[in-house]
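K.L.:
Sequence first, predicted coordinates after that:
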Amino acid sequence: MSGSASSNGARVDAWVWAIRLYSTRSAATAACKAGHVKVNGASAKPAQVVRPGDTVRALTPGGERIVEVAGIITKRTSAPLAVKNYVDRTPPPPPKAERPAAIVRERGAGRPTKRDRRLTERLRGRDRAPETDY
C-alpha cells in the first residue's frame, strides 16, 4: 500500500489521522493527549504504536468510533484506500427519541414573558412544584 509504514506498527496519532477519524494531524495528537483515544482499553499517548489486530476507541466530533486495525498506514490517502486499513466496530446509533414539537412564537410577538416561559416548561414536562407554601 502506498504510504504504509513498516509492518511493526505506526504512531496512533498518525494512524487515526490517516484513516480519517480526525481532520488534521494536530487534532489527532490533541485528542490523544486529552485521553480521547484508547488502544486496547488503555489511554494512548500520541507516540504509542498500533499494530494490526489492536482495537482503537476514539471520541471524535461525530461521536465515539470503535475501529480495529487491519492495516498500517501513516499518510492520508483517499477515503476508499483508508477504509481498507480498518474494520469499523462502531455500533449503529440508537433511533432518535421522540422529541417534543418545537415551540413556535408568532412573528412580532416579542420576547417571551416569565409566564410564557413557565407555560413552555410545563408543556415540556419540566415544571417544578412551588418551593414554599404561603
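P.N.:
Sure, I can see it.
K.L.:
Please name the bridge partners of G63.
P.N.:
Taking DSSP bridges as the rule, G63 bridges to T60.
K.L.:
By residue count, what's the longest helix in this protein?
P.N.:
For the chain, the longest helix by residue count, based on DSSP state H, is helix 114-124.
K.L.:
how far is that helix from where the chain is centred?
P.N.:
The gap between the average C-alpha position of helix 114-124 and the chain average comes to 33 Å, counting by C-alpha atoms, centre = their mean, to the nearest Å.
K.L.:
Just the pLDDT for P130.
P.N.:
Each residue has a pLDDT score; the one for P130 is 60.
K.L.:
related to what we said a few turns ago, okay, the longest helix of the chain in PDB with CA atoms only?
P.N.:
Listed in PDB are the C-alpha atoms of helix 114-124, where the atom choice follows Å, rounded to 0.1, in the frame of the first residue of the first chain:
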ATOM      1  CA  LYS A 114     -42.000  34.900  32.600                       C
ATOM      2  CA  ARG A 115     -45.500  33.500  32.300                       C
ATOM      3  CA  ASP A 116     -44.800  32.300  28.800                       C
ATOM      4  CA  ARG A 117     -41.600  30.600  29.900                       C
ATOM      5  CA  ARG A 118     -43.400  28.800  32.700                       C
ATOM      6  CA  LEU A 119     -46.100  27.600  30.300                       C
ATOM      7  CA  THR A 120     -43.400  26.400  27.900                       C
ATOM      8  CA  GLU A 121     -41.600  24.500  30.700                       C
ATOM      9  CA  ARG A 122     -44.900  22.900  31.800                       C
ATOM     10  CA  LEU A 123     -45.500  21.700  28.200                       C
ATOM     11  CA  ARG A 124     -42.100  20.200  28.000                       C
END
